[in-house]
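Peer 1: My questions are about this predicted structure, shown below with the sequence.
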Amino acid sequence: MPRVRLLRTYGFSFLLLTAIALGLVLGRLAPSVAQLLRPIGDLFLNLIFTLIVPLTFFTISSSIASSGSSERLSRVSVRMLIGFLATSVIAAALSLLFLSVVSPAPGVDAAALLSGRGVVALPKAPALLPQLVAMVSVSDFSELLSRKSMLPLLLFSLAVGLCARSMKQKAEPLTRCLQSGAAVFLRLLDCVMYLAPIGLLAWFAATVMDTGSQLAGAYFRSFVAYYACAALYFVIGFSAYAYLSFGLPGVRRFWSQMLEPSLTALGTCSSMATMPVNLEACTRMGIAAEVRDVVIPVGAVLHKDGSVMGGVLKILFAMSLFQQSLSPGRCVLVILVAVLVGVVMGAIPSGGMMGELLILSVFGFPPETLPLLAIISILIDPMATLLNAVGDNVVALWVTRDPSLDANAAT
């Protein structure tokens with residue numbers, strides 16, 4: 001009986017692990033076969049991305065429209081935002097402490113690296129106000145129907161849900177429609193996930209074939225330092241957050257459901273693609289729908305601990321290149337800019353580039369530094385996505401610490 005229960009609980013996760021391992025081996029030993037399988041991996045990822053926009057709209061708007069009271073909804077929103085901001089600041093401070101001890105680029109000749117890249121001067125960072133307008137709005141309704149406009153879509157979904165809830169009985173037909181839409185797209189997601197083993201096998205095989213071994217020189221130390229710091233934060237930091245939520249049972253509750261989200265984040269390098277899997281993991285953790293259907297979609301856009309840590313790495317890397325020292329005031333500035341890069345710039349299309357331009361503008365680095373920082377983004381992307389995506393679940397668990405929001409409280 002225990003074996004049957006274990007297989008039922010973890011069987012699909014073990015299947016995903018096996019598929020990923022086979023994909024890694026296949027991409028290394030048989031690149032021609034990996035090339036043939038590439039369309040299957042692309043198909044799986046395309047199906048996931050296709051679901052993201054309607055899933056986000058229906059889950060957020062229906063959750064808010066059907067919420068029992070404004071007080072209850074406010075508790076979710078306030079705790080969510082506190083959790084996002086707190087974990088982002090902690091991630092920035094811890095990574096600054098770690099990476100300042102393990103210097104990411106000691107003794108590197110900045111001039112040689114810049115000339116070796118053969119780059120020309122690049123444009124300065126855009127004006128703040130136009131960029132903020134572009135971040136929160138689109139010029140046409142059709143542009144909302146794209147995962148590249150997730151923050152405007154989130155705001156639109158929130159507005160629809162709030163308006164429907166404020167109209168009460170008059171909006172009941174729409175509320176039922178939103179609830180039905182959320183249920184239908186979650187069911188459709190379950191169907192798509194049946195393709196996950198073969199889809200991830202093909203995706204990993206093609207990824208290994210494409211990337212090969214491209215890490216060298218000054219970036220290798222940055223790569224090792226970031227992955228070591230991120231791994232410690234992933235295990236110790238997330239365990240600590242789960243412990244603060246529900247003690248040791250909370251730690252077990254959290255980690256027992258994190259294998260599939262972790263594998264999906266590493267395999268797709270996309271918080272958006274991991275969002276549907278996160279919703280299912282939160283359901284299995286017993287997190288109430290009104291919590292998970294708000295925290296997970298909003299977190300996929302705004303909560304990015306891995307990107308915050310990446311911002312710290314990029315700043316310290318550039319400071320090492322140009323032999324700039326850290327003062328107490330600069331440490332505070334590094335943390336603030338890193339949080340801004342990770343949290344705000346993550347909501348903008350091509351946000352990584354905008355974040356790097358912001359770093360150049362604030363710290364006065366030459367524009368030719370941009371491609372050097374862009375390479376770091378590529379190197380840390382899998383681990384950063386892992387922290388970005390899985391971190392949403394631990395915040396959802398922390399929000400559930402309020403007994404009135406805990407779906408398990410009654411059991």
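Peer 2: Cool, got the structure.
Peer 1: what are the C-alpha coordinates of stretch 87-99, in CSV please?
Peer 2: Extracted in CSV, the C-alpha atoms of stretch 87-99 (Å, rounded to 0.1, in the frame of the first residue of the first chain):
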residue,chain,number,x,y,z
THR,A,87,11.9,38.0,0.0
SER,A,88,13.3,40.2,-2.7
VAL,A,89,15.1,42.5,-0.3
ILE,A,90,16.4,39.4,1.6
ALA,A,91,17.6,37.8,-1.6
ALA,A,92,19.4,41.0,-2.6
ALA,A,93,21.1,41.5,0.7
LEU,A,94,22.2,37.9,1.1
SER,A,95,23.6,37.7,-2.5
LEU,A,96,25.4,41.0,-2.0
LEU,A,97,27.0,39.6,1.2
PHE,A,98,28.0,36.4,-0.6
LEU,A,99,29.1,37.8,-3.9
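Peer 1: Residue ranges in the stretch 301-411 of the chain under the pLDDT threshold?
Peer 2: 343-355, 357-358, 361, 367-368, 370-372, 402-411 (pLDDT under 70).
Peer 1: can you give me the helices for it?
Peer 2: Here the stretch 301-411 of the chain has its helices, by DSSP state H, counting those that start in this stretch, at 305-321, 328-339, 351-363, 370-399.
Peer 1: quick one: buried residues of the longest one?
Peer 2: Which is helix 370-399. Of all the residues in helix 370-399, those buried under the rule 16 or more other Cβ atoms under 10 Å are 370, 372-373, 375-377, 379-399. Placement of C-beta: from N, CA and C, glycine included.
Peer 1: Residue 19 belongs to a strand, doesn't it?
Peer 2: No. The assignment for residue 19, made by DSSP: H, G, I helix; E, B strand; the rest coil, is helix rather than a strand.
Peer 1: Run through the residues that contact it.
Peer 2: The contact partners of residue 19, taken as Cβ atoms under 8 Å, 6 or more residues apart in numbering, are 196, 197, 198, 200, 201, 204.
Peer 1: circling back to that earlier point, adding distance to residue 101, write the helices of the stretch 301-411 of the chain out as CSV.
Peer 2: As requested, the helices of the stretch 301-411 of the chain are arranged in CSV below (distance: least, Cβ to Cβ, whole Å):
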stretch, distance to residue 101
helix 305-321, 11
helix 328-339, 13
helix 351-363, 20
helix 370-399, 18
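Peer 1: Out of those, which is closest to residue 146?
Peer 2: helix 351-363 (14.3 Å; Cβ to Cβ).
Peer 1: The closest residue to residue 397 other than its chain neighbours and residue 395, how far apart?
Peer 2: Among residues not flanking residue 397 along the chain, residue 245 sits closest, at 4.8 Å (Cβ to Cβ, 6 or more residues apart in numbering). As defined by Cβ to Cβ, to the nearest Å, residue 245 lies at a distance of 9 Å from residue 395.
Peer 1: Not counting stretch 82-102 itself, show me its contacts.
Peer 2: By Cβ under 8 Å, 6+ apart, stretch 82-102 touches 221, 225-226, 228-230, 232-233, 237, 241, 299, 302-306, 308-309, 311-313, 316, 326, 331, 334-335, 338-339, 342-343, 387, 391, 394-395, 398-399.
Peer 1: for the helix or strand containing residue 254, which positions count as buried?
Peer 2: In this assignment (DSSP states H and E), residue 254 forms part of helix 238-255. Neighbour counts over helix 238-255 (16+ other Cβ under 10 Å) mark 238, 239, 241, 242, 245, 246, 250, 251, 253, 254 as buried.
Peer 1: In those, find the pair that's most separated.
Peer 2: 238 and 246 (13.3 Å).
Peer 1: which of the buried residues of helix 238-255 lies closest to residue 290?
Peer 2: residue 245 (17.1 Å).
Peer 1: wait, what's in contact with that closest one?
Peer 2: 254, 394, 397, 398, 400, 401.
Peer 1: Show me the helices in the stretch 151-300 of the chain, by range?
Peer 2: 172-193, 196-211, 218-232, 238-255, 259-268, 271-285, 289-302.
Peer 1: Could you say which of the ones you listed is packed most deeply?
Peer 2: A comparison of the helices of the stretch 151-300 of the chain by mean neighbour count, using mean count of other Cβ atoms under 10 Å, puts helix 289-302 on top with a mean of 25.
Peer 1: CA atoms only: put that one into CSV for me.
Peer 2: Taking Å, rounded to 0.1, in the frame of the first residue of the first chain, the C-alpha atoms of helix 289-302 are listed here in CSV:
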residue,chain,number,x,y,z
ALA,A,289,-8.0,29.0,-4.5
GLU,A,290,-8.5,32.7,-3.6
VAL,A,291,-4.8,32.8,-2.5
ARG,A,292,-3.2,30.7,-5.2
ASP,A,293,-5.2,32.2,-8.1
VAL,A,294,-3.9,35.7,-7.2
VAL,A,295,-0.4,35.1,-5.7
ILE,A,296,0.8,32.7,-8.4
PRO,A,297,-0.1,34.8,-11.6
VAL,A,298,0.9,38.1,-10.0
GLY,A,299,4.1,36.5,-8.7
ALA,A,300,5.0,35.2,-12.1
VAL,A,301,5.2,38.8,-13.2
LEU,A,302,6.4,40.7,-10.2
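Peer 1: that older thread, so for residue 26, which of the helices of the stretch 301-411 of the chain sits nearest?
Peer 2: helix 370-399 (18.4 Å).
Peer 1: hmm, who's touching stretch 153-167?
Peer 2: 53, 56-57, 60-67, 70, 73, 136, 144, 171, 174-175, 178, 297-298, 301.
Peer 1: Now the buried members of the residues you listed.
Peer 2: Buried among those (16+ other Cβ under 10 Å): 53, 56-57, 60-67, 73, 144, 171, 174-175, 178, 297-298, 301.
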